[in-house]
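J.: let me see the structure of the following:
(chains A, B, C and D)
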Amino acid sequence: MIRVSVQPAPIELGIEVAALEERGAGGVATFTGVVRSDDGVTELHLEHYPGMTESALVGIAEQAMARWDLMGVTIVHRVGPMVPGDRIVFVGTAASHRRAALESCAYLIDRLKTDAPFWKRERLGSDSRWVEARDSDGDAAARWD
Amino acid sequence: MIRVSVQPAPIELGIEVAALEERGAGGVATFTGVVRSDDGVTELHLEHYPGMTESALVGIAEQAMARWDLMGVTIVHRVGPMVPGDRIVFVGTAASHRRAALESCAYLIDRLKTDAPFWKRERLGSDSRWVEARDSDGDAAARWD
Amino acid sequence: MAVTVLYFAWVREAVGRGEEKVDPPENVRTLSDLIAWLRGRSDGHAEALADMDRLRAAIDQNFVPLEAELGDAGEVAIFPPVTGG
Amino acid sequence: MAVTVLYFAWVREAVGRGEEKVDPPENVRTLSDLIAWLRGRSDGHAEALADMDRLRAAIDQNFVPLEAELGDAGEVAIFPPVTGG
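T.: I've put the predicted structure just below:
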């Protein structure tokens, strides 16, 4: 079971995890990205490429399903404006083996960073700037090739 | 920040995750073990060694804190009777780097399986049996040595 | 050959719009050709598309390298390296 | 030397109790010695402690191998391999 959502609404972690637990696999791994509050950012705005975003995320989820024995994969990404403390992204997997669940979770978030069309703009008080891509994200994604 | 709880009460995942998110690290990884419903088990009973259990879990959490740059580690293990669908165990970590969060989460659950004094008894209808330790758990823990 | 071009993030801001229909000449065969040709449309285009190294692209919603042939693309998107997650 | 012995899981069930105070003789120096000596206390002890390979132990709430010296242990626990998580 694959669930992908690109949404302006806050990410409801409890509901997402419960849906994965109900797959009956025995193990659920998750990674949640949260807007950091410690670097002066007052607002974060996520732009994306409607249509392509959803199909890119489904593609990443399908690759994870093909690579590990999983009973569920969920990817939820928030778009639009958000503030420190808000969840930006949630990835979760359900599997009988904990290692499959945790490894595939790492795969999903590493791939999402480089293979899905999102762009972050940070506001720091009255200033704002587009976030630059990081080489380390390319390296992290490449370790799965 | 380390939080360890050994409790007969259900594990409140939302509350545990929220506490990790509030560490402000940017990334939270979790692993949740759920009583499986697909192998005829009608009830699971968790016995433990009061006092030693808590100190063993704190020890595992401290080792994770020493090994990765983490802002929070939570280990919650349920004890007593539970039924399929119930959460047995929750481990979660908060870190600025997603890889540290996910790897340390794998470490916590692998270590917990071999280094904390819990014993599972399964009931299958009118039958009941103590669960046997698995060699694969020893192997999984050993990869961190 | 008419094609819809989409822009995102600072490329969109510099161009001044998120979408336009263009009809490039026959000799525009690759994405790189298209980007070079688009630069002539306005000062904003010229600024946004000045440095190929800072640009990434998709054809019909699939990431492709800038050397890719346009073929019979219906939708081309030009944008900075992605920064989601 | 009086010591408190705790039993868990099927060891506890076979022994018939979870805790007892015992006072083994001087020649009981290691955990293995203690387990061998405890076997003589009852049929339940003999059954529970028959196979050393199936037993694990802790001294004063730290896991130790069965060859460990008792030293001045106050609390010894004997149990099957753990199965938490």
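
J.: the one residue in chain C that gets nearest to chain B: neighbour count?
T.: Residue of chain C nearest chain B, by C-beta to the nearest C-beta: residue C:85 (8.2 Å). C-beta: built from backbone N, CA, C; applies to glycine. By the measure other C-beta atoms under 10 Å in any protein chain shown, the count of residues near residue C:85 is 23.

J.: for the residue in chain C positioned nearest to chain D, which non-adjacent residue is closest in space?
T.: Nearest residue of chain C to chain D: residue C:85, at 28.9 Å (C-beta to the nearest C-beta). Nearest non-adjacent residue to residue C:85, counting by C-beta to C-beta, 6 or more residues apart in numbering or on different chains: residue A:113, 4.2 Å away.

J.: surely that neighbour and residue A:136 touch.
T.: No. Applying C-beta atoms under 8 Å, one finds residue A:113 not in contact with residue A:136, separated by 9.4 Å.

J.: so for the two, which sits in the more crowded spot?
T.: residue A:113 (23 against 11).

J.: ok, whichever residue of chain C sits closest to chain A - contacts?
T.: Here the residue of chain C nearest chain A is residue C:84; by C-beta to the nearest C-beta that distance is 2.7 Å. Counting by C-beta atoms under 8 Å, 6 or more residues apart in numbering or on different chains, residue C:84 touches A:46, A:48, A:77, A:89, A:112-113, A:116-120.

J.: show me where pLDDT drops low in chain A?
T.: A:38 (pLDDT under 70).

J.: in space, what's closest to the residue nearest the centre of it - neighbours in sequence excluded?
T.: Centroid check for chain A by C-alpha atoms, centre = their mean gives residue A:89 as the closest residue, at 4.0 Å. With C-beta to C-beta, 6+ apart as the criterion, residue A:89 has its nearest non-adjacent residue at 4.3 Å, and that residue is residue A:33.

J.: helix, strand or coil for the one you found?
T.: strand (DSSP: H, G, I helix; E, B strand; the rest coil).

J.: list the residues that contact the nearest residue to residue C:8 once chain neighbours are set aside.
T.: Spatial nearest neighbour of residue C:8, excluding adjacent residues (C-beta to C-beta, 6+ apart): residue C:79 at 3.8 Å. Going by C-beta under 8 Å, 6+ apart, residue C:79 touches A:49, A:117, A:119, C:7-9, C:11-12, C:55-58.

J.: now residue A:8
T.: A:78-80.

J.: swap the cut-off to 10 Å and go again
T.: Contact analysis of residue A:8 by C-beta atoms under 10 Å, 6 or more residues apart in numbering or on different chains lists A:46, A:78-82.

J.: dump those to a markdown table, plus neighbour count and secondary structure.
T.: What follows is these, written out as a markdown table (neighbours: other C-beta atoms under 10 Å in any protein chain shown; DSSP: H, G, I helix; E, B strand; the rest coil):
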| residue | neighbour count | secondary structure |
| --- | --- | --- |
| A:46 | 23 | strand |
| A:78 | 24 | strand |
| A:79 | 18 | coil |
| A:80 | 12 | strand |
| A:81 | 13 | strand |
| A:82 | 19 | strand |
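
J.: and the residues you listed, which is closest to chain D?
T.: residue A:78 (32.0 Å).

J.: just checking, that closest one touches residue A:86?
T.: Yes. If you go by C-beta atoms under 10 Å, residue A:78 and residue A:86 touch, sitting 7.1 Å apart.
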